[in-house]
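[1] predicted model, plus sequence, below.
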Amino acid sequence: MEAARTIILDKVHLNLSSSAGPVNVLRGVSLSIGAGESVALLGPSGSGKSSLLMIAAGLEKPTSGSVSLAGTDITNLGEDALARLRRETVGIVFQSFHLIATMTALENVALPLEFARADDAFARAREELDRVGLSARAHHYPGQLSGGEQQRVALARAMVARPPVLFADEPTGNLDTETGNDVAELLFALPARANTTLFLVTHEEALARRCARILRLKDGAIVSDSRAVTA
């Protein structure tokens, strides 16, 4: 099972077009992330952090190089197969929540399980909302929730199917310090319970230091890969 919970990028390049000419967003990135690891990706704005996450999660294709997710080479995988793999193996939390405005908190959390045709989708969604402390807000719509509550709903939705890999892109970026700290506690507690691999993109050093491993990206290349020192 460990191989099925691994992210591997090998010599990944991403080149995009712009009005000023080609832009080399990622330059030969190689990395391997094992089962249950918590890994933070740090770097200045424009360094390619979110692009690297999108490629690792199968949401963007690299210009060259190879990508393996959950034991499957996804580099040339078709869209239908890629969508199925993401549904089965990946949870994603974005900075801007990405909740469906016309669905309640409960419906938003149940959605991944409904796509998977799980019979107990709503029962499991209620349990996950309870884990993030929002059982009393289950029937509220996103517009009726605070930013911190919306992010907790988004985290519950990402974790409800117990995915092998959780990607988080600046998950506290739109929150005040106190609320961000509350979300961060859940961000590390929920994946740890399920032995889920956490791949976190952030600009916050303090948040990154809570991970077991820190990658630093500069000008589209990894310039540092350090592991936490344990006693």
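    Cool, the structure landed.
[2] list the buried residues in the longest helix anywhere in the chain.
    Assignment by DSSP state H gives helix 177-194 as the longest helix of the chain. The neighbour-count check on helix 177-194 (16 or more other Cβ atoms under 10 Å) flags 179, 180, 182, 183, 184, 186, 187, 190, 191 as buried. Bear in mind the C-beta positions are built from the backbone N, C-alpha and C, glycine included.
[3] which residues touch the closest residue to residue 27 other than its chain neighbours?
    Spatial nearest neighbour of residue 27, chain neighbours left out: residue 220 (4.2 Å); criterion: Cβ to Cβ, 6 or more residues apart in numbering. Residue 220 sits next to 14, 24, 25, 26, 27, 29, 47, 48 when contact means Cβ atoms under 8 Å, 6 or more residues apart in numbering.
[4] next: residue 131.
    Applying Cβ under 8 Å, 6+ apart, the residues contacting residue 131 are 156, 186, 190.
[5] closest to residue 53 out of those?
    residue 190 (18.4 Å; Cβ to Cβ).
[6] how near is the closest one to residue 19?
    Distance of residue 190 to residue 19, given as Cβ to Cβ, to the nearest Å: 42 Å.
[7] for whichever helix or strand residue 15 is part of, packing partners?
    Using DSSP states H and E, the element containing residue 15 is strand 7-16. Here strand 7-16 touches strand 23-33, helix 49-56, strand 64-69, going by 3 or more Cβ pairs under 8 Å, 6 or more residues apart in numbering; DSSP states H and E.
[8] ok, which of the ones you listed comes nearest residue 95?
    Across those, closest to residue 95 is helix 49-56 (Cβ to Cβ), at 9.1 Å.
[9] quick one: contacts of the closest one?
    Taking Cβ under 8 Å, 6+ apart as the rule, helix 49-56 contacts 7, 9, 12, 14, 25-26, 29, 41-43, 60-62, 67, 69, 167, 169-170, 199, 201, 217.
[10] among those residues, name the buried ones.
    7, 9, 12, 14, 25-26, 29, 41-43, 60, 62, 67, 69, 167, 169-170, 199, 201, 217.
[11] I'd guess residue 129 is in a helix, am I close?
    Yes: judged by DSSP: H, G, I helix; E, B strand; the rest coil, residue 129 forms part of a helix.
[12] hmm, it is touching residue 136, no?
    No: in this structure, residue 129 is not within contact of residue 136 by Cβ atoms under 8 Å, at 9.0 Å.
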